[in-house]
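Novice: Predicted coordinates and the sequence they were generated for:
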Amino acid sequence: MEDMDPSSWASTMARYQDWLIASGKKARTVELRLFHVGRFSRATVHGPNKIRAQHVLGYLGAKDWGPNTRLVVVGSLRDFFKWAVTFGVTDEDPTASIPRIPVPVSVPDPPSRKTIRAVLDSAEPRERLMIRLATDVGMKAGEIARAHVRDLRVNDDGDYVIKAQGTRKAPWLEVPPTLADEILTHKGYLFPGRIDGHNSAAYVSRLLSQTFGDRFTAEDLRHASGKAGKSVAPGFHAPSTVSLVEDADLGDNRAIQQQLRRIARDMEGDPSAALSEAKNLLESLFKQILTERGVAHSREHFEALYRMVSDALGLTRGVREDRILNGLAEVIQGMTQTRNALGAGHGQVDVSPAEPRHARLMFNTAVAIAEFLTETWRDVRESDAEPQHAPSDRG
């Protein structure tokens with residue numbers, strides 16, 4: 001077979017990528033395979049059809065990877081060269097003679113809390129967050145690597161929880177409030193990287209171990225929490241709702257807190273009631289805003305209250321705003337119709353067909369509107385507090 005130029009790796013890998021995608025491989029698998037094969041291609045001076053066993057063994061022997069990383073790299077190279085033989089890129093599979101890679105089974109030996117605190121005090125912010133996810137939450141290195149701010153939720157008990165991505169079961173793990181606050185300062189993946197947008201498990205594992213002077217592994221650290229493998233109640237709504245009820249400077253929020261507790265109680269067991277409470281949550285906020293703005297209100301219905309709030313906050317002052325707010329008014333009307341059709345109340349005769357998914361949709365809609373109005377309300381208050389300058393006498 002004619003020797004291929006080393007530059008032919010790019011076109012060969014493009015064909016391999018097409019095959020992976022056509023085979024239905026997950027996006028993460030495709031990214032991982034291409035990453036490791038690409039790294040190997042840059043370490044050799046030979047074209048893909050002239051790679052032999054000694055080249056692969058020499059490449060692997062020069063690396064100080066741990067057994068898990070080595071398994072992933074070898075798996076990627078084996079898959080690529082198996083494809084290359086099948087499609088006539090090369091005559092032989094250079095990975096056939098790679099020896100079996102044993103993965104040692106170790107008993108976790110977690111550090112003491114004193115040791116953890118000492119390391120946290122001197123660690124950089126990124127490493128400190130990784131350490132806390134391992135030692136306070138009990139997350140594995142792969143779960144830490146894939147951690148995304150969207151995975152943080154609040155469960156029925158009002159606790160912060162995070163969905164540990166990376167396994168089929170993806171357990172929910174409890175997160176201390178101070179750690180949740182830190183997570184919420186991020187956007188997207190907590191540890192961005194080149195593979196599928198986030199760091200690799202091997203990188204996180206190595207960094208955690210190095211931070212502790214290579215005395216402990218990532219697995220040791222997750223067992224320091226005493227929570228390793230212990231899943232908690234799942235979260236059903238985003239932490240943004242917590243900021244809504246904690247906004248005490250905007251007025252008395254006890255009514256909103258009460259609505260949230262009722263929603264949490266009824267979301268799964270009585271979704272029709274939770275659906276109605278989601279609408280009531282907004283109604284409580286409407287009345288709170290109107291009271292603070294000095295606008296009288298008594299028995300106005302839901303949609304009328306919204307129009308009064310819109311006027312009180314000056315939301316209809318421009319053409320663009322009119323278009324946006326007209327759409328929002330339609331959503332408000334739709335919430336009323338949904339509540340009447342599926343919610344509890346009004347002396348219903350038939351059993352409501354509402355399911356938890358309907359209640360979640362209504363709840364998330366209410367939260368989105370509440371956050372928009374709360375932020376607008378805050379801006380209006382700040383504008384009111386600004387000193388007013390007297391008009392100038394100069395012409």
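Specialist: Looks like it arrived, so ask away.
Novice: residue ranges with poor pLDDT in the chain?
Specialist: 1-7, 103-106, 156-158, 166-168, 228-258, 260-261, 264, 316-324, 343-352, 385-395 (pLDDT under 70).
Novice: all strands of the stretch 51-200 of the chain, in order?
Specialist: 152-155, 160-163, 172-174, 192-195, 198 (DSSP state E, counting those that start in this stretch).
Novice: gap between the fourth one and the chain center?
Specialist: For strand 192-195, the gap between its own C-alpha mean and the chain's C-alpha mean amounts to 15 Å (CA atoms, centre = their mean, to the nearest Å).
Novice: for the shortest one, same thing?
Specialist: In this view, strand 198 has its centroid 12 Å away from the chain centroid, taken as CA atoms, centre = their mean.
Novice: returning to that earlier point: now the strands of the stretch 51-200 of the chain as CSV including distance to R78?
Specialist: The C-beta positions use only the backbone N, C-alpha and C, and glycine is treated the same way. Formatted as CSV, those follow (distance: least, CB to CB, whole Å):
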stretch, distance to R78
strand 152-155, 37
strand 160-163, 32
strand 172-174, 34
strand 192-195, 19
strand 198, 25
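Novice: can you count the residues close to P176?
Specialist: Neighbourhood size, P176 [other CB atoms under 10 Å]: 13.
Novice: My error: substitute N326 in the last question.
Specialist: Quick note: N326 (other CB under 10 Å) scores 10 neighbours.
Novice: Equivalent analysis for R262, please.
Specialist: There are 18 residues near R262, going by other CB under 10 Å.
Novice: quick one: secondary structure of the nearest residue to it once chain neighbours are set aside?
Specialist: If the residues on either side of it in the chain are set aside, R262 comes closest to E277, at 4.7 Å by CB to CB, 6 or more residues apart in numbering. Following DSSP: H, G, I helix; E, B strand; the rest coil, we place E277 in the helix state.
Novice: Please report the distance of E277 from I289.
Specialist: Going from E277 to I289 by CB to CB, to the nearest Å gives 19 Å.
Novice: How about L60?
Specialist: 65 Å.
Novice: When E277 and I289 are compared, which one has more neighbours?
Specialist: E277 (28 against 23).
Novice: Could you check how many residues crowd around V154?
Specialist: V154 has 21 nearby residues by other CB under 10 Å.
Novice: Please disregard the earlier target; I meant R132.
Specialist: 23.
Novice: repeat for S298
Specialist: 5.
Novice: ok, it to L290 distance?
Specialist: From S298 to L290 the distance is 10 Å (CB to CB).
Novice: cool, and V380?
Specialist: For V380 relative to L290 (CB to CB), the value is 13 Å.
Novice: Spatially central, which residue of the chain would that be?
Specialist: R150 (2.5 Å; CA atoms, centre = their mean).
Novice: Ignoring the adjacent residues along the chain, who's closest to N199?
Specialist: G193 (3.8 Å).
Novice: wait, isn't the one you found in contact with A145?
Specialist: Yes: G193 lies in contact with A145 (CB atoms under 8 Å); the separation is 7.5 Å.
Novice: Report the set of residues contacting both of the two.
Specialist: Listed as contacting both G193 and A145 by CB atoms under 8 Å, 6 or more residues apart in numbering are N199, S200, Y203.
Novice: So for L373, which of the strands of the stretch 51-200 of the chain sits nearest?
Specialist: Distance to L373, taken as CB to CB, is lowest for strand 152-155 among the strands of the stretch 51-200 of the chain, at 20.4 Å.
Novice: Direction included, what does that closest one pair up with?
Specialist: Next to strand 152-155 in the sheet, as set by DSSP bridges, lie strand 160-163 (antiparallel), strand 235-237 (antiparallel).
Novice: Can you pick out the residue with more neighbours from G193 and A145?
Specialist: The residue with more neighbours, out of G193 and A145, is A145; 28 against 13, by other CB under 10 Å.
Novice: Determine the number of other residues adjacent to A170.
Specialist: 14.
Novice: Please name the nearest non-neighbouring residue to it.
Specialist: Nearest one to A170, counting by CB to CB, 6+ apart, is K163 at 5.4 Å.
Novice: right, and the one you found touches A147 too?
Specialist: No: between K163 and A147 there is no contact under CB under 8 Å: 9.2 Å.
Novice: how close does the closest residue to T376 other than its chain neighbours sit to K279?
Specialist: Leaving aside its sequence neighbours, T376 sits nearest to L313 (CB to CB, 6+ apart; 5.1 Å). Going from L313 to K279 by CB to CB gives 20 Å.
Novice: the more surrounded of those two?
Specialist: More neighbours surround K279 than the other of L313 and K279, with 23 against 16 (other CB under 10 Å).
Novice: mind listing what that one touches?
Specialist: Per CB under 8 Å, 6+ apart, neighbours of K279: F302, M335, T336, R339, G343, M362, A366.
Novice: Can you tell me which of those residues is nearest F87?
Specialist: Taking CB to CB as the measure, F87 lies nearest M362 of the contacts of K279, at 52.7 Å.
Novice: Burial check on the closest one, number of neighbours?
Specialist: 27.
Novice: One more: M130?
Specialist: Neighbours of M130 using other CB under 10 Å come to 27.
Novice: cool, and H36?
Specialist: Residues near H36, counting by other CB under 10 Å: 20.
Novice: List the contacts of it.
Specialist: V72, V73, S76, L77.
Novice: Can you say which of those are buried?
Specialist: By neighbour count, with 16 or more other CB atoms under 10 Å, the contacts of H36 hold V72, V73, S76, L77 as buried.
Novice: and the contacts of K279, which of them are in strands?
Specialist: Within the contacts of K279, no residue falls in strands by DSSP state E.
Novice: for D79, what are its contacts?
Specialist: Counted by CB under 8 Å, 6+ apart, D79 has contacts R33.
Novice: if I look at it, how far off is E283?
Specialist: 58 Å.
Novice: Over to A170?
Specialist: Distance from A170 to E283, by CB to CB: 36 Å.
Novice: go on, E277?
Specialist: 10 Å.
Novice: what's the answer for R265, then?
Specialist: 18 Å.
Novice: ok, those two, which is more surrounded?
Specialist: E283 (17 against 14).
Novice: Show me which residues of the helix or strand hosting that one are buried.
Specialist: Assigned by DSSP states H and E, E283 falls within helix 271-292. Buried residues in helix 271-292, defined by neighbour count with 16+ other CB under 10 Å: 271-290.
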